[in-house]
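Engineer: quick one: sequence and predicted model below, then my questions.
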Amino acid sequence: MLKRFVIQLVLLISISSLIAFLLHSLGVSLLIGFLSGLFLQFVGYNAFYSALDAYLAIKNKALENERIKEFSYQGLQVACPCYKKHIDFVPVRLNTSNYYKCGECKKNVSIIIAAETAITTEPIVNTDLPTVNQKLIEGVISNANS
Ligand SMILES: [Zn+2]
């Protein structure tokens, strides 16, 4: 830790000195060159870490969104059997027993999946019959003619 600090301090001073000598060759005083070198390094350091933080936050958010998306394929909204009936969205897998910890009472809750069946209906595809609107329009026309 101390070794790392000394290395960083030596780097900071040597880069500031280099900037000071470069600016001195352009006619700027050594002290002002050194101080502006220090200032530039601190600004650069902060800018770099701010950009890195923003990049990591965006990356983490993308990963979280992906995880949520995966959950939505195999997840259920379930209510805890405790008196608070807290609703949690939990991942569900059909090949194992499913448990989760209630977000409200912090108890372990088991999920029992009961399957129900229903006969599917098919949509009516016969369009030979006139629609209700057509019948109404025909009725209005025949009434107007009579
Ligand atoms: Zn609960």
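Structural biologist: Arrived safely, thanks for sending. Residues are numbered from 1 along each chain as shown.

Engineer: list the buried residues of the lowest-mean-pLDDT helix or strand in the chain.
Structural biologist: Averaged element by element with mean pLDDT, DSSP states H and E, the chain has its least confident helix or strand at helix 132-145 (a mean of 73). Taking 16 or more other CB atoms under 10 Å as the basis for neighbour counts, none of the residues of helix 132-145 comes out buried. Every C-beta, even on glycine, is put in place using the N, C-alpha and C of the backbone.

Engineer: go on, stretch 6-16?
Structural biologist: The neighbour-count criterion (16+ other CB under 10 Å) identifies residue 16 as the buried residues of stretch 6-16.

Engineer: what stretches of this protein score poorly on pLDDT?
Structural biologist: Of all residues in the chain, those with pLDDT under 70 make up the ranges 126-131, 144-146.

Engineer: run the last query once more with 90
Structural biologist: Applying pLDDT under 90 to the chain picks out residues 1-2, 27-28, 30, 67-76, 84, 88-96, 103-104, 113-115, 121-146.

Engineer: hey, what's residue 78 bridged with?
Structural biologist: Beta-bridge partners of residue 78, counted by DSSP bridges, are residue 88.

Engineer: go ahead and confirm it touches residue 86.
Structural biologist: No - contact criterion CB atoms under 8 Å: residue 78 and residue 86 do not qualify, at 9.5 Å.

Engineer: so these two - more neighbours on which side?
Structural biologist: Taking neighbours as other CB atoms under 10 Å, residue 78 and residue 86 compare with residue 78 leading, 18 against 15.

Engineer: show me what contacts the more buried one?
Structural biologist: Contacts here follow CB atoms under 8 Å, 6 or more residues apart in numbering; on that basis residue 78 touches 87, 88, 89, 90, 100, 109, 111.

Engineer: packing partners for the strand or helix carrying residue 9?
Structural biologist: With the criterion set as DSSP states H and E, the secondary-structure element containing residue 9 is helix 2-25. Taking 3 or more CB pairs under 8 Å, 6 or more residues apart in numbering; DSSP states H and E as the contact definition, the neighbouring helices and strands of helix 2-25 are helix 30-73.
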